[in-house]
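S.K.: one predicted model, sequence on top.
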Amino acid sequence: MRNKLLNNLAVFIANKPWWTALILLVVTIVLGGMSSQLQLTTSITNLLPQDNPMVDEFNMIIEEYNGSSSMLIVAEGEPEKIENFAERVVPEIEEFENWVVRVDYKSPKDFIAEHGLMLSKASDLENNLDLFLDPNLDEFLINLNNSLEKEYIQSEEKITGQEQEQGAIRFLGSIQKWLVNFNTALSGSADGAGEQAAEAILYGDEYYRSWNDRMIIMQILPTFTMFDLTPSVEATNAIEAIVHDIAKQTDVKAGLTGTIPLARDEIVAMENDSMTITMLALIGILVLFIVAFRMLVSPLLAIITLIIGVIWALGLAWVLVGQLNLMTSMMSVVLIGLGIDFSVHVISVYTEMRYKGNGVESSLKAMYMKAGPGIFTGGITSALAFLTLLIARTEGLQEFGLTLGVGIIMTMLAAILILPNLLVIRERIKERLGRKKVSKPRDISYKKLGSFAVGLSKNWKFSIVAIIIAILFFGYRGSQLTMDYNYLNMEPEGLESIELQDRMIDEFGISSDFALITAETLDEVSIITEQAKDMSTSGMVQSIVDYLPPDKEQHHRSDLVSYIRKSMATSQIKASVSFDIIIDELYRLEENIIEIQDLAYIGGQDKVYLKSALLIGALPDDDDPSLKPLNIKLANINSDIFSGQITNILNNIEEKLSNARDDINIFQADFAKAYKARTIKMANPDKIELKDLPNNIKDQYVGKSEANFLVSIFPKQNVWEIDFLKRFAGELAEIDPRATGLPPIFNTLMDEIGEDGVKATQLALIVIFFVLLADFRNVKKVLLAMIPLVVGVLWMIGIMEVSGLQITLLNIMAIPMIIGIGIDDGVHAVHRYQIEGAREHKKVFASTGRAILLTSITTMVGFGSLWFATYRGLGSMGIALFIGVGACFLATVIVIPSIFGTVSRK
Amino acid sequence: MINKMLIRRIHTVFLIFSISMLSAQEAIPTGDELIEKMTAIMSQEASKALIQQVITTSSGRERTFEFEMFTADEGEKTLMRYLKPSAAKGQAFLMLNNADDIWTYFPRTKRVRKLASSSKNQKVQGSDFSYEDLGSGDAWKNEYVSTNLGQEKYAGGDCWKVESIGILEKDPAYPKMIVLVRQSDFYPLSIDYYDDNGNIEKTLILSNIEIVEGIPTALKMQMVNHAEGSATLMKTISITYDWAPPDNFFSERTLRK
């Protein structure tokens, strides 16, 4: 039946080439039109099963908050310069009203000035109560020291967690600013110093700064998400240009990071890569063809066939799935790598027949008879191997399997319909041009490959022992293959967005890619926030309870806040303060910070150590290599790292003893007045309502429908490092299985893909077995065709390990893919043995061996071109497939003649 | 007659079998007995040791400390004093009443501070050990109910697997622990500490077990913190159990030395 059909096809194409061409042209125009409708989506949630609770939650958050995708400006430089940069860059960015809702870069000072104490926990208020009862400098310092001893020294737990470490740094930062202003006053320039010192203690820093005040982060709230490709690219480019421009003008270093800039970098890299790589692959394949077949026109016809086949595949992809996702976006490259094989088989047998002196029709018939079954079986098995992915739970993998499975069939059909048609038309044109000269018959088969197969079959005992040794060696080495599951290592090298993300983690202890949970009540938000702060993997937790505590909590706090307001209101500002007490308390403050530094040092809290070192100097690092890099950081700020600001102030007072008393009293007058007024204002016991919140806070934490609140949880390390991601996602799931955001979604996606990949691989092997059984109708032949695949995959993994490669998130997909690709070699070889006979090793491998060598090399060139991708993930997949195809070829030409050697002996 | 003899023989066999079963059952120690024996070995009357500890700092750097550690009253009293590096030299911790009371001495300020009682469950100086892990004394016996879950092979040896469930009213440090106790000498080889959600929070692995002055002693202890993905290694450089604390050794005065 199949042979009759192929025979008729050969007759039709040979005799009606122009009609055939017309029909194929119409089909190509129709499918080409369809393929032009294809759109690319980078939505990661589209890849997951839609019944997953985190998908619903994610989509709801995008709808309600816009801000599920982050765009951050990170600026580094001298503290005053980065403030200047921030104040200049924000208004300019906010002018992009189409893209930017607003830029959050400062804490809401007015709101804090009015409600600050109601935002403090009742336990913190109790601990620090004395600090807010007396505004006078001497009493303030006594109370500050009392508070420090309660807060950080007598309870070591206060600085053992990430959240606590950040709190300690902020508190030390406030003390540092107070000291700077106090020192200014001592130097005789008291204007505003007292007021600023009071605000430093009460309001803290307005900006979100690093421990050394030399880095700040600003968050841009966009009107779009990272899945909106056009604005992601255009907005990032425009904003980045402004950021770089103003950074240059203000003498700071600044750039963009977060999911949107990273998505932009990926899109740009992939767009650039896809053109370069496709061209590289096509040119490489063409050159190979010309060298291998020693002809020019036929290879060009094969490339044209391949391009038309890919157009057909893309047209059908539009019919079947409508759009390309992150996985199917690279289907063209995969189809080029795979689809060229069919053309190689067609040209190989056709030219072989022509060189033997056969006519066009008989050469076509011979080509269909000799290569056709192999092409069909190979194409169908490869296609089915990909189609098994339809059992996947993840939609992304289903679409990947469907589009590639159908795409392989399209390229196969193109090869058996278009290429023979083009070859016949070429002959007709040559005839019309009077160039009917038939090439001198010559043998273009690879005799050496045939002789190699004969040698192996004759020495089958030796060959089989060598194969087993190779299997054991590569199998063992393969088992040692390590994994690089850091997603950021898949990205192009030298990206500013990744470099800044690393700097953020280093300086702030938070990653820019965060997780999100919503809650319907404030009590629920409060519980989730506390649980999230307790997570060992969280670096920072933001929620509405930071600005709108639950009613019960507000009730607890209001009594204390009222008491503070009353006490402060009745306090008297002294005209002068005790100089001795001030000096004693400054020394006590120094001692307290020394103790904080000692605890931080043995507790390994590096940032608290650094911050305290700015105040009281560094510790000696002679015999501690872990301390040296920290002290180097300090040396970049202060040439004398062993003396801090308090030490300097105490020296300053002693040096200027005659004036110091007067200066301190001037400072006291300013400070006490400002401290008293601001504390009274901050100690507002009125209940905070939702309507009291500034709009920028509401937008950030309250949904548009006001039916839910958002909690953002920032990981404390690089969240794309797989072990950390797993722990982060695990802890989130314990709090709430709906917890969403890119990190947990990515984690779930990987688990799903992993499970789907294993199931699909198993099913693919079963399907391949039965397809081959239907084709060969002999279990032994089926196993014979499949053995090179199994051996090839083992060798592939071993060679990867020997070559120093690692398993990555992308190249792990090469293993199921190679099942569909690598099976072809064995199928073609066994088919040819079926035609030629079990002892005809030379004939089989000189002819079919040549074809499978050429198909393997062309596929290797196709996939190998991915090595040049700037997107390193694609490169890692390309090189794995390159090795896999090569290993399957070697396994076919070594294993099959060796096994046939045992049979033919008998 | 034959039947009677047969029945008698069956009775005899059954009796022997029952006795052997009974004696076999008696030979299996209960969980509480195993913990009693284990803590008896672990909690020596007094000890003096030189320890090396490696912690990972918050920015991922490894920091190595060396400290001397004194225990008395079966671990109820502990005093630790840092010797190296020079930045930590002289800093000392005194833990009394099974770490319910903790004081720390800062040599640079020459001040002694009492840490809050809640510090008992907190990590010791950046390590994955808690104060209670180091100075638990009789807490295991008093605050947990233990069950022998059966035999298990571990590190090439036969072990008893014991599950200890914390008694809520006694405020145990962990809700559950599972320990593998070596059958030959009742020395623990591995302890899994569970969190409130039933997950293994930390695992203590005891190795390089040598007989020191007749007492099995793990010279290497590694606490693996599964929740945080970190680990702390404590190596015993030297240890003696032949040490008696002078009068008032576990006091503020010694702490300041």
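M.R.: Received it, and whenever you're ready, just let me know what you need. Residues are numbered from 1 along each chain as shown, chains lettered A, B, ... in the order given.

S.K.: pull out the buried residues from the host helix or strand of residue A:408.
M.R.: Using DSSP states H and E, residue A:408 sits in helix A:395-432. Buried residues in helix A:395-432, counted by 16 or more other C-beta atoms under 10 Å in any protein chain shown: A:395-427. The C-beta positions use only the backbone N, C-alpha and C, and glycine is treated the same way.

S.K.: which parts of the stretch 151-257 of chain B sit against chain A?
M.R.: When proximity is defined by C-beta under 8 Å from any C-beta of the partner chain, the stretch 151-257 of chain B lies next to chain A at B:197, B:225, B:227-229.

S.K.: drop anything exposed from these.
M.R.: B:225, B:227-229.

S.K.: where do the strands sit along chain B?
M.R.: Assigned strands in chain B, in chain order: B:46-56, B:62-72, B:77-84, B:92-96, B:101-106, B:111-115, B:144-154, B:157-166, B:176-182, B:188-194, B:200-212, B:215-225, B:230-240 (criterion: DSSP state E).

S.K.: give the pairing partners of the first one; include direction for each.
M.R.: What that stands for is strand B:46-56. strand B:62-72 (antiparallel), strand B:230-240 (antiparallel) (DSSP bridges).

S.K.: how big is the angle separating the last one from strand B:200-212?
M.R.: Note on geometry: by axes from the mean of the first three to the mean of the last three C-alpha atoms, to 10 degrees, strand B:230-240 and strand B:200-212 are set 20 degrees apart in direction.

S.K.: just give me how far strand B:230-240 sits from the chain centre.
M.R.: 13 Å (C-alpha atoms, centre = their mean, to the nearest Å).

S.K.: likewise the first one?
M.R.: Strand B:62-72 has its average C-alpha position 16 Å from the chain's average C-alpha position, going by C-alpha atoms, centre = their mean.

S.K.: got the contact list for it?
M.R.: A:602, A:604, A:624, A:626-627, B:44-57, B:77-85, B:88, B:125-126, B:135, B:237, B:243, B:245, B:249-250 (C-beta atoms under 8 Å, 6 or more residues apart in numbering or on different chains).

S.K.: same question, the last one
M.R.: Outside of strand B:230-240, the residues that reach it under the criterion C-beta under 8 Å, 6+ apart are B:47-56, B:66, B:127-129, B:212-213, B:217-225.

S.K.: if we can go back for a sec, a markdown table for the strands of chain B, including distance to residue A:199?
M.R.: Below are the strands of chain B laid out as a markdown table (distance: least, C-beta to C-beta, whole Å):
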| stretch | distance to residue A:199 |
| --- | --- |
| strand B:46-56 | 38 |
| strand B:62-72 | 37 |
| strand B:77-84 | 40 |
| strand B:92-96 | 38 |
| strand B:101-106 | 32 |
| strand B:111-115 | 31 |
| strand B:144-154 | 52 |
| strand B:157-166 | 48 |
| strand B:176-182 | 50 |
| strand B:188-194 | 46 |
| strand B:200-212 | 42 |
| strand B:215-225 | 40 |
| strand B:230-240 | 39 |
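
S.K.: tell me, which of those is the model least confident about?
M.R.: Mean pLDDT per stretch puts strand B:111-115 lowest among those, at a mean of 86.

S.K.: what lines up beside that one in the sheet?
M.R.: strand B:101-106 (antiparallel).

S.K.: buried set for the strand it pairs with?
M.R.: Neighbour-count burial for strand B:101-106 [16+ other C-beta under 10 Å]: B:102-106.

S.K.: just these now: which is nearest residue A:704?
M.R.: Distances from residue A:704 to the buried residues of strand B:101-106, taken as C-beta to C-beta, are shortest for residue B:102 (50.5 Å).

S.K.: from memory that closest one sits against residue B:94, does it?
M.R.: Yes - if you go by C-beta atoms under 8 Å, residue B:102 and residue B:94 touch, sitting 7.1 Å apart.

S.K.: what about residue A:357, which SS state?
M.R.: coil (DSSP: H, G, I helix; E, B strand; the rest coil).

S.K.: for the residue of chain A found nearest chain B, give its distance to residue A:58.
M.R.: Nearest residue of chain A to chain B, counting by C-beta to the nearest C-beta: residue A:604, 3.2 Å away. Note on residue A:604: its distance to residue A:58, by C-beta to C-beta, to the nearest Å, is 36 Å.

S.K.: what's the answer for residue A:355, then?
M.R.: 61 Å.

S.K.: which one's more surrounded, the two?
M.R.: residue A:58 (24 against 17; other C-beta atoms under 10 Å in any protein chain shown).

S.K.: pLDDT score for the more buried one?
M.R.: For residue A:58, pLDDT reads 84.

S.K.: quick check: phi and psi on the closest residue in space to it that isn't next to it in sequence?
M.R.: Closest residue in space to residue A:58, ignoring its immediate chain neighbours: residue A:740 at 4.3 Å, by C-beta to C-beta, 6 or more residues apart in numbering or on different chains. Note on residue A:740: its backbone torsions stand at phi -130, psi -160 [degrees, to the nearest 10].

S.K.: got the residues of the stretch 1-150 of chain A near chain B?
M.R.: Going by C-beta under 8 Å from any C-beta, the residues of the stretch 1-150 of chain A near chain B are residue A:149.

S.K.: now do the strands in the stretch 1-150 of chain A.
M.R.: Ranges of strands within the stretch 1-150 of chain A are A:39-40, A:71-76, A:100-104, based on DSSP state E, counting those that start in this stretch.

S.K.: now those strands in a markdown table, with mean neighbour count?
M.R.: Converted to a markdown table, the strands of the stretch 1-150 of chain A look like this (neighbours: other C-beta atoms under 10 Å in any protein chain shown):
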| stretch | mean neighbour count |
| --- | --- |
| strand A:39-40 | 12 |
| strand A:71-76 | 26 |
| strand A:100-104 | 19 |
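
S.K.: do you know how far the closest residue to residue B:178 other than its chain neighbours is from chain A?
M.R.: Closest residue to residue B:178 apart from its sequence neighbours, by C-beta to C-beta, 6+ apart: residue B:192 at 4.5 Å. According to C-beta to the nearest C-beta, to the nearest Å, residue B:192 and chain A sit 17 Å apart.

S.K.: what about residue B:192, how many neighbours?
M.R.: Neighbours of residue B:192 using other C-beta under 10 Å come to 18.

S.K.: wait, it touches residue B:203, no?
M.R.: Yes - the criterion here is C-beta under 8 Å, and residue B:192 meets it with residue B:203 at 5.2 Å.

S.K.: isn't residue A:330 right up against residue A:871?
M.R.: No - contact criterion C-beta under 8 Å: residue A:330 and residue A:871 do not qualify, at 9.9 Å.
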